[in-house]
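S.K.: coords please:
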Amino acid sequence: MEETYNRSKILLETGTNELEIMVFTIYGELYGINVAKVKEIMMSNEVKPMPHAHPSIEGIFKPRGTLMTVVDLPLYLTGRETEKNSRDLFIVTGFNKMYTAFRVNTVEGISRISWADIQKPDKSINGGEDGVTTGITQCGGRLVSILDFEKITADISPATSIQMAEIEKLGKREERSSNIVVVEDSVLLIKMIQQALIKAGYHNLELFNNGQEAWDYLRTDGRENGKVDLIITDIEMPKMDGHRLTKLVKEDEELKHIPIVIFSSLIDEEMRRKGKAVGADEQLSKPEIGHLVEILDYLLEKRGIRHE
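M.R.: Got it, this is the predicted structure:
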């Protein structure tokens, strides 16, 4: 049994603030992943163990000539090591320019929901920076935890996340006076992006955890002349996603001149098309933080905003 999802048929409209989540189970609990991250589902397969790997990495396998890492998601989430079931499934994901297979027990189906219906979990429940639940929603009367797969991947393989060394390669940089809005729901990633931008000379930052918070700021305080020079936004966020935020900004007569950079793990040909449709000025994939800084420099200089 193998199923490949045609993502081109999913959410053909852009900027509707909706998403499709794939709901799956681990030890009877419901979890979710954005379908945009899913390449296919396949039956679990024999895996070759890798020495000295992270405890949650089962090993590697090579379906149809593509080598990929297999993550034991039940072990990662619960710490319980149990015998593998032949009926388990692999959810094969594609983000951050990588393919990874995550072991799950069952796949329940796909639900279309609004980002507005996804609530950010309380820090006392989610564990702050260490938490891996990016949002909570309800499907069929049951609560579903939407997992932060970028955080999980970064925990298991830190080299796949944002690297400060990329900023250091840019050489000595002067302090910039530009005012930049950063919109990112991951506690870990927004902190890393903030540190990287400060290191690159961008100190005047306004940080927001979702598109709705950013939009509330932009349509009030952000309207002041020179208050916002550029916006960096993720796509996947509770309350309002990055595509919807971009669409609202670009349709606003007073704000549409502000350059918007979509910085997301989901960037591929289809997502580029969607980002372009809502007016994004640039789009690039995480974790290319060095490239992000170069894009900021270019867009701000293009607008005539130079460093001090």
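
S.K.: Any chance you could list what contacts stretch 193-210?
M.R.: 115, 120, 162, 164, 166-168, 170, 173-185, 190, 214, 217, 228, 232, 237-240, 263, 289, 292-293, 296, 307 (C-beta atoms under 8 Å, 6 or more residues apart in numbering). C-beta here means a position set from N, CA and C on the backbone, and glycine is covered the same way.

S.K.: Return the subset of these lying in strands.
M.R.: 176-183, 232, 263 (DSSP state E).

S.K.: now the residue nearest to Ser265 when sequence neighbours are not counted: how far from Thr153?
M.R.: In space, and not counting its chain neighbours, Ser265 is closest to Phe95: 4.0 Å by C-beta to C-beta, 6 or more residues apart in numbering. When distance is defined by C-beta to C-beta, to the nearest Å, Phe95 is 8 Å away from Thr153.

S.K.: Could you pull up phi and psi at Ile156?
M.R.: Torsion angles at Ile156 (phi, psi; degrees, to the nearest 10) stand at phi -80, psi -40.

S.K.: okay, it: pLDDT?
M.R.: pLDDT for Ile156: 90.

S.K.: For it, which residues are in contact?
M.R.: Counting by C-beta under 8 Å, 6+ apart, Ile156 touches 54, 56-57, 71, 76.

S.K.: now do Gly32
M.R.: Gly32 neighbours (C-beta under 8 Å, 6+ apart): 21-24, 111, 137, 139, 144-147.

S.K.: Please identify which of the residues you listed is nearest to Leu30.
M.R.: Taking C-beta to C-beta as the measure, Leu30 lies nearest Val144 of the contacts of Gly32, at 4.6 Å.

S.K.: can I assume the closest one sits in a strand?
M.R.: Yes - per DSSP: H, G, I helix; E, B strand; the rest coil, Val144 lies within a strand segment.

S.K.: Number of residues surrounding it?
M.R.: Val144 has 22 neighbouring residues, counting by other C-beta atoms under 10 Å.

S.K.: wait, it sits on Val23?
M.R.: Yes - under the criterion of C-beta atoms under 8 Å, Val144 makes contact with Val23 at 5.7 Å.

S.K.: Now for the two: what residues contact both?
M.R.: 30-32.

S.K.: which of the ones in strands among the contacts of stretch 193-210 tops the neighbour count?
M.R.: Neighbour-wise, the ones in strands among the contacts of stretch 193-210 (other C-beta under 10 Å) top out at Val183, 31 neighbours.

S.K.: got the contacts of Gly32 as a markdown table, with secondary structure, distance to Asp268 and pLDDT columns?
M.R.: Listed next are these as a markdown table, based on DSSP: H, G, I helix; E, B strand; the rest coil; distance: C-beta to C-beta, whole Å; pLDDT from 0 to 100:
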| residue | secondary structure | distance to Asp268 | pLDDT |
| --- | --- | --- | --- |
| Ile21 | strand | 18 | 93 |
| Met22 | strand | 17 | 96 |
| Val23 | strand | 23 | 97 |
| Phe24 | strand | 22 | 97 |
| Ser111 | strand | 23 | 92 |
| Thr137 | strand | 24 | 93 |
| Cys139 | strand | 26 | 88 |
| Val144 | strand | 25 | 96 |
| Ser145 | strand | 25 | 95 |
| Ile146 | strand | 20 | 93 |
| Leu147 | strand | 20 | 93 |
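
S.K.: Met271 contacts Gln283, doesn't it?
M.R.: Yes - at 7.2 Å, Met271 and Gln283 qualify as touching, with contact defined as C-beta under 8 Å.

S.K.: shared neighbours of the two, anything?
M.R.: By C-beta under 8 Å, 6+ apart, the residues touching both Met271 and Gln283 are Ser264.

S.K.: returning to what we had before: buried only: go through the contacts of stretch 193-210 for me.
M.R.: 115, 120, 162, 166-167, 176-185, 190, 214, 217, 228, 232, 237-240, 263, 289, 292-293, 296 (16 or more other C-beta atoms under 10 Å).

S.K.: Neighbour-wise, which one of the contacts of Ile156 leads?
M.R.: Val71 (25 neighbours).

S.K.: All set now, cheers.
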